[in-house]
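Asker: Turn this into a structure:
(chains A and B)
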Amino acid sequence: MSVEGFKHLIDSFFSSPSTVFIGSVVGFGLFFAFVRFFTRPLVAGILTAITVGFLAFAVTDKNFFIIVTKPDNVPIVGMLFLLGFFTWLAFRKAVINDLRTEKGEPIIERSEKEEKVFSWPDLVYPEMICMIGLTVLLLVWSILLKAPLEEPANPAAAPNPSKAPWYFLGLQEMLVYFDPWIAGVVLPGLIIFGLMAIPYIDNNPKGNGYYTFKERKFAIITFSFGFIILWIVLIIFGTFLRGPNWNFFGPFEYWDPYKVESLVNVNLSEFVYIKWLGTGLPKFWLTREFLGIILVLAYFAITPLLLAKTVLKKMYLSLGLFRFNIMVFLLLTMMTMPIKMVLRWAFNLKYIIAIPEYFFNI
Amino acid sequence: MAKWTDKIAKSQVWKSVFRHGYPSSDRNRSLIVLSNVFLHLHPVKTRTSGIRLSYTWCMGGISFFLFLALTVTGVLLMFYYRPTVEYAYNDIIALREHVPLGIMRELHRWGAHAMVIAVWLHMYRVFLTGSYKPPREFNWNVGVILLVLTLLLSFTGYLLPWDQLAMWAITVGSNMARATPFLGSEGPGAAFLSLGDIKLVHAGDDVRFALLGGRFVGAGALLRFYVLHCVFIPLAAAFLIAIHFWRVRKDGGISGPL
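Answerer: Purely as a prediction, here's the structure:
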């Protein structure tokens, strides 16, 4: 296959958010299903080599080079490698600890529990070395890479695309699927609330102060899904793959501002009254959005009941009514994002409830 | 030489500063930590597993170091930067053009990006080691607020260069505030808040207006973001960092298996 053919293949895979997102979720699932395999140093080393090799090949491409070497994007590439490394490190240690527990041996952290050393020099010196190392890194980084500075601010000329700072691009990506009141206010608020609620929801006494996966699978998978998939992957979307008009571009694709994307997103009410019943939309918003309101209420009211009776029965008994409901509410809220994404890709669904009269669209 | 160093170490001036000998004995190693205001953030002795780099990743320490580095570089930048529409952009240009080898802004910007990354990794490490579990629930919460403050610090600083990148990033970010339920002019519920035909929540008094000090990102927003960035949020963060460190010690030091 020619180089161009290969690039085209990559671009066609990356040309829509659905393939990339579902691909990431599959990769995420495989990692946790075969965590012992993926954390072997050899496997992790090969994966790193493939990634670095691909990156080395990719920067020879003009379009890829332009995006990746934008000054503000360089730290994101660094962050991805750091995150990959530390995720490997954490789960490697978790796997080793879990294997030791299976054999009846104490985990590494516990076997060292009673050992204590003087903070001077064993803690203070590493801190000093760390500070010096970081200072050197920052100085070299600052000398090599100039901070970006564009044209003076001009309220009359909006750049295309206009992007939020990179750490908020996950939220900006949510704007594709949700209205600003959800993507920009309610969901960020609930992320903060959810993070703060974690220690009070998670009453599993195991895994306190050491790496483990087996003893707290649910907590680790849920949190990692939120952090890696719904935060970091969406930042990658927003930084590297979203171009002019917030269209989705492959990594080697030219950011063509005139790229045409068909947008025929349909509300649930339009499905019901126009496509299925053929009567036209009712005038009154409550009649019009009846089905959507029922569905959303059912999602948040009935799913917890079903979960408590079935798959999460044990958790319900252990957490109690109050904790369990908060946990499931947060979980369901988190899952609204992937659910809305899939509905968009599969049915071009825009809003489940659409009441523009009151700026209330879900 | 040895005679001189001995003489200095035994002089009244030296002894008034350092109340103990060189930290080569266990006693002096304890005293140096106990009698130094900075070092006494540490306990005299720490658990081996708790200070292993592969356990802590050093991300909390790196976040704090970056916070300090950003404070120092930020104060230096404040000497040269004026937060007005008239001067802001030109002052940034001057920092680049008029200062030989000027990398102060680079240090500040890349340090800020690094701090965001370090804080995220710190949170992930604390989660994966289950270090938010009792008795550390409250400190995890302080950490969450510090994470939010870090992002807000970065966000408010993003506007200050007053270039296209800055202005439109803040425009995109602050447009969301318009949609705050009840408090934003285009948020759900705002329509109910009216007296007859008079809207109580409109573009001239909603939460976005309060944030920007105007209807769009202009002079008012620049000044507000500058004050938030240089005074208010750093003070709040410093306050919470103190609590965060204090609680690390009070809740049993760096986490380890119970």
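
Asker: Check which helix or strand the nearest residue to B:Ala177 once chain neighbours are set aside maps to.
Answerer: For B:Ala177, ignoring the flanking residues on the chain, the nearest one in space by Cβ to Cβ, 6 or more residues apart in numbering or on different chains is B:Arg208 at 3.9 Å. Placement of C-beta: from N, CA and C, glycine included. B:Arg208 is part of helix B:207-212 when elements are defined by DSSP states H and E.

Asker: which helices and strands does the next helix or strand after that helix pack with?
Answerer: Using DSSP H and E, the helix or strand that follows helix B:207-212 in sequence is helix B:219-227. If contacts are counted by 3 or more Cβ pairs under 8 Å, 6 or more residues apart in numbering or on different chains; DSSP states H and E, helix B:219-227 sits against helix B:137-159, helix B:164-175, helix B:207-212.

Asker: And chain A, is the first one touching that?
Answerer: Yes - Helix B:137-159 comes into contact with chain A (Cβ under 8 Å from any Cβ of the partner chain), by way of B:137, B:140-141, B:144, B:147-148, B:151, B:154-155, B:158.

Asker: orientation of that helix relative to helix B:219-227 in degrees?
Answerer: 130 degrees (axes from the mean of the first three to the mean of the last three Cα atoms, to 10 degrees).

Asker: And the residue of the stretch 101-250 of chain B that's closest to chain A?
Answerer: Across the stretch 101-250 of chain B, the shortest distance to chain A (Cβ to the nearest Cβ) belongs to B:Met176, at 2.6 Å.

Asker: Report the spatially nearest residue to that residue, omitting neighbours in sequence.
Answerer: Sequence neighbours aside, A:Gly184 is the residue nearest to B:Met176 in space, at 2.6 Å (criterion: Cβ to Cβ, 6+ apart).

Asker: Is it correct that the one you found falls within a helix?
Answerer: Yes - counting by DSSP: H, G, I helix; E, B strand; the rest coil, A:Gly184 is found in a helix.

Asker: Which residues are in contact with B:Asn175?
Answerer: Going by Cβ atoms under 8 Å, 6 or more residues apart in numbering or on different chains, B:Asn175 touches A:180, A:184, B:208.

Asker: go again using 10 Å as the cut-off
Answerer: Contact analysis of B:Asn175 by Cβ atoms under 10 Å, 6 or more residues apart in numbering or on different chains lists A:162, A:164, A:175, A:180, A:184, B:184, B:186, B:208, B:216-217.

Asker: give the contact list for the most centrally placed residue in chain A.
Answerer: The residue lying closest to the centre of chain A (Cα atoms, centre = their mean) is A:Leu230, at 2.1 Å. The neighbourhood of A:Leu230, defined by Cβ under 10 Å, 6+ apart, consists of A:21, A:170, A:173-174, A:187, A:191, A:334-335, A:337-338.

Asker: returning to what we had before: residues touching the helix holding B:Arg208, excluding its own?
Answerer: Helix B:207-212 has contacts (Cβ under 10 Å, 6+ apart) with A:185, B:159, B:170-171, B:173-180, B:182-187, B:190, B:201-203, B:214-218, B:220-222, B:224-225, B:228.

Asker: again, only using 8 Å
Answerer: Here helix B:207-212 makes contact (Cβ under 8 Å, 6+ apart) with B:174-175, B:177-178, B:180, B:183-185, B:203, B:215, B:218, B:220-221, B:224.

Asker: so how far is it from its chain's centroid?
Answerer: Helix B:207-212 sits 23 Å away from the centroid of its parent chain (Cα atoms, centre = their mean, to the nearest Å).

Asker: Need the pLDDT of B:Phe192.
Answerer: On pLDDT, B:Phe192 comes in at 81.

Asker: same question, A:Val59
Answerer: Reported pLDDT for A:Val59: 91.

Asker: Could you tell me how far it is located from chain B?
Answerer: 20 Å (Cβ to the nearest Cβ, to the nearest Å).

Asker: what about A:Arg323, neighbour count?
Answerer: Other residues near A:Arg323 come to 17 when the count uses other Cβ atoms under 10 Å in any protein chain shown.

Asker: Please identify which helix or strand holds it.
Answerer: Per DSSP H and E, A:Arg323 falls inside helix A:313-347.

Asker: Go through that helix and flag the buried ones.
Answerer: By 16 or more other Cβ atoms under 10 Å in any protein chain shown, the buried positions in helix A:313-347 come out as A:315-316, A:319, A:323-331, A:333-338, A:340-341, A:344.

Asker: try stretch A:252-267
Answerer: Across stretch A:252-267, burial judged by 16+ other Cβ under 10 Å covers A:252-253, A:255, A:267.
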